[in-house]
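A.B. asks: Predicted model, plus sequence, below.
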Amino acid sequence: MLRARVDEGLERRFRELAMKRFGYMKDSISRAAEEAILNWISMVEGEDLEFEGYPVEVIDGILSDVKIDSVELQHKVKDIWLLRVVKNCI
């Protein structure tokens, strides 16, 4: 499943066109989204893609709300991982 947040006006136009193209059926939005994604992939796939920005800053931004130090975070991750491994072995 894919979730994305898009502008409300863009979503409205997308829904209208999807229903005009595929009919007013339950899967018309999904079919249009798949077609749009396939078109985007075929357009971008041959390009030489590079990450824009500094990855450490991105990670720092993602973790900005975490209020524990890195060592404690590593221990929590290890504990979670161990619990999942044990749960899958049972």
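C.D. replies: Structure received. Numbering: from 1, shown residues only.

A.B. asks: contacts and neighbour counts: CA atoms only from here.
C.D. replies: Will do.

A.B. asks: show me where pLDDT drops low in the chain?
C.D. replies: Of all residues in the chain, none has pLDDT under 70.

A.B. asks: Contacts only, for Val86.
C.D. replies: Neighbour list for Val86: empty [criterion: C-alpha atoms under 8 Å, 6 or more residues apart in numbering].

A.B. asks: In terms of helices and strands, where is it?
C.D. replies: Using DSSP states H and E, Val86 falls within helix 70-89.

A.B. asks: Also Leu49?
C.D. replies: Counting by DSSP H and E, Leu49 is found in no helix or strand.

A.B. asks: And it, its phi and psi?
C.D. replies: phi -90, psi 140 (degrees, to the nearest 10).

A.B. asks: Just give the number of residues close to it.
C.D. replies: 8 (other C-alpha atoms under 10 Å).

A.B. asks: Check the one 4 residues further on too.
C.D. replies: By other C-alpha under 10 Å, 8 other residues sit near Gly53.

A.B. asks: From Val71, how far off is it?
C.D. replies: 26 Å (C-alpha to C-alpha, to the nearest Å).

A.B. asks: Also Ser64?
C.D. replies: In terms of C-alpha to C-alpha, Ser64 sits 16 Å off from Val71.

A.B. asks: ok, now Leu82?
C.D. replies: For Leu82, the distance to Val71 - C-alpha to C-alpha - is 17 Å.

A.B. asks: Which one's more surrounded, those two?
C.D. replies: Leu82 (12 against 9).

A.B. asks: Check which helix or strand Arg21 maps to.
C.D. replies: helix 8-22.

A.B. asks: Check which residues of the helix or strand following that helix are buried.
C.D. replies: Toward the C-terminus, helix 8-22 is succeeded by helix 28-44 as the next helix or strand (DSSP H and E). With burial defined by 16 or more other C-alpha atoms under 10 Å, the residues of helix 28-44 counted as buried are Ser28, Ile29, Ala32, Ala33.

A.B. asks: Counting by contacts, list what helix 28-44 packs against.
C.D. replies: helix 8-22 (3 or more C-alpha pairs under 8 Å, 6 or more residues apart in numbering; DSSP states H and E).
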